[in-house]
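got a predicted structure here, sequence first:
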Amino acid sequence: MAGQGFPELHAERFLLRAFSDADQPAVFRALSHPQVIRHYGVSYATFEATREQMEWFERIHAEGSGIWWAICRPEAPAEVIGGCGFNNWQREHRRLELGYWLMPEYWGQGVMSECLPLILRYAFFEMNVHRIEAEVETENTASSRLLLRHGFVHEGRRRECEVKDGAFVSLDDFGLLAPVALPQP
């Protein structure tokens, strides 16, 4: 999947790169981990089923409907600790959806606070989007706080709009509009 034309992004402590087939064990570990999938909309019960996710990462980049990065530490670029990116890119409306996940052992260490500005800048300046949207389960207060700290506006709550594990869940909608100018790193 790490192919030509995939942008590698560098933060002070993290490297954002394309997902590769070698990352499937890490993606399975994350997207089957009870703490990660508690508030995440995608999960896999088997390693083999995770192949679908790996193909999705590749497909959305190839077709131009999104882009997702593997989050790694520069000193260990083969070890994936999380993922972040965009999907459902609607070019005619210049908007897309943000998503992210992180292994629990890295929670509370500022990983997403360091990586999120990189991909937001990429979306606004390289992808020329005007609006970035995010949906967060109402119980995921840490994710809501992260978005608010990065300038997102809470735009409303869709009550009991999805079924997850046999129960209705509500989603909070957040939006971020393109700034006049973002400071460069």
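Received, thanks.

give me the contacts around the helix or strand of the chain with the lowest mean pLDDT.
Using mean pLDDT, DSSP states H and E, helix 34-37 stands out as the lowest-scoring helix or strand of the chain, at a mean of 92. Contact partners of helix 34-37, identified using CB atoms under 8 Å, 6 or more residues apart in numbering, comprise 30-31, 43, 101-104. Where you see a C-beta, it was placed from the backbone N, CA and C, and this is true even at glycine.

please identify the buried residues of that helix?
For helix 34-37, the neighbour count (16 or more other CB atoms under 10 Å) marks 36-37 as buried.

starting at the chain centroid, how far to it?
With CA atoms, centre = their mean, to the nearest Å as the basis, helix 34-37 stands 15 Å off its chain's centre.

make sure Val42 is indeed in a strand.
No. Assessed by DSSP: H, G, I helix; E, B strand; the rest coil, Val42 does not belong to a strand; its assignment is coil.

quick revisit: just the buried members of the contacts of helix 34-37?
30-31, 43, 101-103.

in strands, which of those appear?
101-102 (DSSP state E).

for the buried ones among the contacts of helix 34-37, give me a markdown table that also has pLDDT and distance to Ser113.
As requested, the buried ones among the contacts of helix 34-37 are arranged in a markdown table below (pLDDT from 0 to 100; distance: CB to CB, whole Å):
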| residue | pLDDT | distance to Ser113 |
| --- | --- | --- |
| Ala30 | 95 | 19 |
| Leu31 | 95 | 22 |
| Ser43 | 90 | 25 |
| Trp101 | 97 | 15 |
| Leu102 | 96 | 11 |
| Met103 | 96 | 16 |
